[in-house]
Every structure is written in structure tokens, then in C-alpha cells.
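**Student:** Give me a 3D structure for the following:
(4 chains)
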2 protein chains.
Amino acid sequence: MQQVSQDARARLFAAAVESFAAKGFHGTTTRDIASGAGMSPAALYVHHRSKEELLYQISRAGHDRTLALVEEAVASSRDPREQLLAVVHAFVVHHAEGHTGARIVNYELAALSPEHLEEIAATRRRIEQEMRDVVERGVEAGAFSTSDPHMTALALLSLGIDVARWYRDEGEWSPAQIADHYCELALRIVGATQGP
Amino acid sequence: MQQVSQDARARLFAAAVESFAAKGFHGTTTRDIASGAGMSPAALYVHHRSKEELLYQISRAGHDRTLALVEEAVASSRDPREQLLAVVHAFVVHHAEGHTGARIVNYELAALSPEHLEEIAATRRRIEQEMRDVVERGVEAGAFSTSDPHMTALALLSLGIDVARWYRDEGEWSPAQIADHYCELALRIVGATQGP
DNA sequence: GTGGCCGCTAAGCGCTTGCTTAGCAGGTAA
DNA sequence: TTACCTGCTAAGCAAGCGCTTAGCGGCCAC
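**Tutor:** All right, here's what the predicted structure looks like:
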């Protein structure tokens, strides 16, 4: 039974992700979510405390995943140039393949309760800090050249986040193709000196 | 009376912009809009057909303004490099200063009726085409160098649009400062050869 | 002065919302 | 067989939703 219960919980979670991404938190009803999971409206409250709590869980999981992704990419090398390429590639692929979840993560923050928002915002700051550190270390090492590392790092994140907005599964580019091109752009953006 | 009436209409429009931007279309009630304009809920329907119609008017006006901005910037010079700088600067300043309206323009498209959405989408395609043309003309003239002008143009627009998401009035950079830095980034992104 | 008009509101209609409650099948244990 | 537990649903509640209707008050031409 535990297995079945976990499955029902996960189906509700997945249905909520789909619905929130397509129609937004306020545009989604608890009936939408329940019927998307093939259950009655009341079933939602067997497994989740409220609609907002469900949004929070989705946002929490999405932000944690993104932070982990970024940290892993940074840890994959000691060379700022390699770190930049790893972070940008992982970040862009994640925002393209996971655009459904990423839309909730980036565009439904206003629907979170103040307490939940503050907690999520702290994770966002850590993600931004990781990117800023990569750019700053590259500049210090003489591998990058930019007049404002802070804004440059923000632009790099911005570019990746916005992929979740415009990416379509049926589009002409695959997530990997976009990521490859964005890696080229990233090197230019940070003013990377000629490679090894 | 005409003057007073136009004023009331504009106040409702402005209140809707504020509310839609802060809470999203579905998160905003007609009572929010009316009270934001200092009027009773019924007053909204004296001046606007429906809540969706109001969103459409806001989206329509915002997209027209953006397209005009881009077209003017492109027309300001015959040199691709100058055109790029003019477009990026105007685009970024617009998305920072007008971030309230720009958020509705870019993130509330899903709430439009299918007919309204199609009309708006056509304007968006024209905006994208303008940017693509600038990049392609630059490449043809040998002023720019990029492996995929289409995706590069998309990245430039993407960078500007996302400013509307993260920009804060109380932030450390002014719209002009952001635009100036983004112009530098834009030249790098398109692989501009050394300037005159 | 007065009849007509116009911008606006008070009140409320029908419906949908998030969420609760009472209870029902079907499996488990003794 | 019986008593119980677990995962779920049918039904529905109070509140809030978009929008409508009937009518009021102040300004206008005459």
C-alpha cells in the first residue's frame, strides 16, 4: 500500500507541475490537478496540505535540483573556463529539457507564501553566488575580461533562465544544441582569452 | 465629461497593469483593479468589456510600443553595428523602466484568448524578425561573426526580455547602466569586429 | 426650472473556488 | 467471522469570482 500511496502522491505532484506550468498557479484549480492525476478533488488533500504547499514543494525541489547542478558543474574542474562551460551547459540543458518545471521555479515565485518565498530566495542567492564566483575567479586568473563581473554573471543566468520561457519541444533545436551555442556565447560574454 | 471619462478609463488601465504585473492575470480580481483605480467594481465594465479584454489592450499596446521602438532603432542608422547598439539599448531600457508592463507582455500570454494570442504572436514574430535581420546583415557585411545568426538574435532578445523579470527599481543599477553594459555584451555576442 | 443624459454605484446573481466531512470499498489480522 | 485500518470518494460548505442590473446624482441645453 505504501508503494501505491507514494505513486498517487507522485502523480498528483506531476499533474500539478503540468498544470501550474501551463496555466500558472492561480489559473490552476485543485480539480485540474486531481483530475490530471486521475483522482477525485478530495484526494489532493490526502497527500498534500494545500495547493500552495504543493507549489512550494515543486519550487523547493526545482531550486534544490538547480543549485546541485550548478555546484556539481563548478566542482568538475579547477579551471574557470571549464567551470563556466560546465555550468552554462548544465544550466541551459536543464532549463530546456525541464522547461515545464523551470517555468514554475522562475515565474510562480509571487504565488508563494512570504515564509516559503524567503526560503526559496535564499537558494536563488546561492545559485547567483556560484555563477558570480566563477566569473570573478576567471577575471582574477586573467582568463576572462569584463568591466562588471556581477552584471555579467547575472546576464549568463538570465540567458539560461529565459530558455525555459521560449523553448518548445517541437522546436528546431535540441537542448544540447542550444547549450552548445550558449557555451560559445558565454565565452564571448565573459571575454575569455584564447583557449588552451 | 469626455476628459473625466478618458481619465477614469486610463486609471483603470493603469491599475490593471499594476495588478496583473504584481499578481498575474488570474491572481488579479476585477475588484482589485477597480479599487486600485478608486472606483466600484461595476465601473470597470463601463469602460472595458471584460477582464480579458483589458489584458488584451495592455498586451496589444505593449507589443506595439516594443515593435515601434525596435523599428525606430533599426531605422536610426544603416550600419549594422550602430543598429545593434541602438536596438539593444532601447530594448533593454524599455524592459527595465517599463518592467511592470513588460512582465505582462512577456509572461501573461497564456491568459489571452486564442484569437487575441494569435494577433499578439504575429507582432512578436515581427520583433524577432527585426533583430534577426540586424544580425544577418552584420554577418553579411563582415561586421559580425556568429555560427548561428538565428539563435544569436534570439539570445539577444532573450537577454533583454529577462531584464523585466529581475529588474528592481531599488536595485543598484539604473536602466541606462544596464543598457550600456548589455550593449558591450551584445557586441561580444555577435562577434563584432573591432569598431571604427 | 426642468427634462434628459451620462458617469458611476449598490446590490446581487449564478457559478466556481479551496477545502472539509462523513463514509465506503477492500485488504489485514486474529 | 469479525473488527479494524488505509486510501480514496461523494457531497457539500462558505467564500469569492466575473459580470449584470436597476437606479442615483450632478451637469447640460433650452
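**Student:** ok, now which ones touch A:E136?
**Tutor:** A:P149, A:A153 (CB atoms under 8 Å, 6 or more residues apart in numbering or on different chains). The C-beta positions use only the backbone N, C-alpha and C, and glycine is treated the same way.
**Student:** and after the host helix or strand of it, which helix or strand comes next?
**Tutor:** Per DSSP states H and E: A:E136 is located in helix A:114-140. Using DSSP H and E, the next helix or strand after helix A:114-140 towards the C-terminus is helix A:149-166.
**Student:** close to chain B, is that next one?
**Tutor:** Yes. With CB under 8 Å from any CB of the partner chain as the criterion, chain B is reached by helix A:149-166 at A:M151, A:T152, A:L154, A:A155, A:S158, A:L159, A:I161, A:D162, A:V163, A:R165, A:W166.
**Student:** same check, this time on stretch A:35-53
**Tutor:** No. Against chain B, stretch A:35-53 shows no contacts by CB under 8 Å from any CB, the least distance being 12.1 Å.
**Student:** in that stretch, what counts as buried?
**Tutor:** By neighbour count on 16 or more other CB atoms under 10 Å in any protein chain shown, the buried set for stretch A:35-53 is A:G36, A:A37, A:M39, A:A43, A:L44, A:H47, A:H48, A:K51.
**Student:** same question, stretch A:22-37
**Tutor:** In stretch A:22-37, counting by 16+ other CB under 10 Å, buried: A:G24, A:F25, A:H26, A:G27, A:T28, A:T30, A:D32, A:I33, A:A34, A:G36, A:A37.
**Student:** Contacts for it, please.
**Tutor:** Stretch A:22-37 has contacts (CB under 8 Å, 6+ apart) with A:8, A:11-12, A:14-16, A:18-20, A:40-44, A:51, A:54-55, A:104, A:107-108, A:111, B:23-27, B:110-111.
**Student:** same deal with stretch A:79-91?
**Tutor:** Stretch A:79-91 has contacts (CB under 8 Å, 6+ apart) with A:66, A:69-70, A:72-74, A:76-77, A:130-131, A:134-135, A:137-138, A:141, A:143-144, A:156-157, A:160, A:179-180, A:182-183, A:186-187, A:190, A:192, A:195.
**Student:** returning to what we had before: restrict the buried residues of stretch A:22-37 to those that also contact DNA strand D, please.
**Tutor:** Applying CB under 7 Å from any atom of the strand to the buried residues of stretch A:22-37, one finds that A:A34 fall near DNA strand D.
**Student:** Pipe the buried residues of stretch A:22-37 into a markdown table and attach pLDDT and distance to B:E115 per row.
**Tutor:** Output for the buried residues of stretch A:22-37, formatted as a markdown table (pLDDT from 0 to 100; distance: CB to CB, whole Å):
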| residue | pLDDT | distance to B:E115 |
| --- | --- | --- |
| A:G24 | 98 | 20 |
| A:F25 | 98 | 25 |
| A:H26 | 98 | 23 |
| A:G27 | 98 | 18 |
| A:T28 | 98 | 23 |
| A:T30 | 98 | 29 |
| A:D32 | 98 | 23 |
| A:I33 | 98 | 28 |
| A:A34 | 97 | 30 |
| A:G36 | 96 | 26 |
| A:A37 | 96 | 32 |
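**Student:** mind showing which ranges of chain A have poor pLDDT?
**Tutor:** Applying pLDDT under 70 to chain A flags the ranges A:1-5, A:195-196.
**Student:** got the residues of it near DNA strand C?
**Tutor:** Near DNA strand C, when you scan chain A using CB under 7 Å from any atom of the strand, you find A:T28, A:T29, A:T30, A:R31, A:P41, A:A42, A:Y45, A:S50, A:K51, A:E52.
**Student:** Let's have these in a markdown table, adding secondary structure.
**Tutor:** Output for these, formatted as a markdown table (DSSP: H, G, I helix; E, B strand; the rest coil):
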| residue | secondary structure |
| --- | --- |
| A:T28 | coil |
| A:T29 | coil |
| A:T30 | helix |
| A:R31 | helix |
| A:P41 | helix |
| A:A42 | helix |
| A:Y45 | helix |
| A:S50 | coil |
| A:K51 | helix |
| A:E52 | helix |
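**Student:** and the gap between the closest residue to A:T123 other than its chain neighbours and DNA strand C?
**Tutor:** Residue nearest to A:T123 in three dimensions, not counting chain neighbours: A:H63, with 4.3 Å by CB to CB, 6 or more residues apart in numbering or on different chains. As judged by CB to the nearest atom of the strand, to the nearest Å, A:H63 and DNA strand C stand 21 Å apart.
**Student:** now do A:G38
**Tutor:** 16 Å.
**Student:** Next, give phi and psi for the closest residue to that residue other than its chain neighbours.
**Tutor:** Distances taken as CB to CB, 6+ apart put A:R11 closest to A:G38, at 7.1 Å, once the chain neighbours are dropped. Main-chain torsions, A:R11, degrees, to the nearest 10: phi -70, psi -40.
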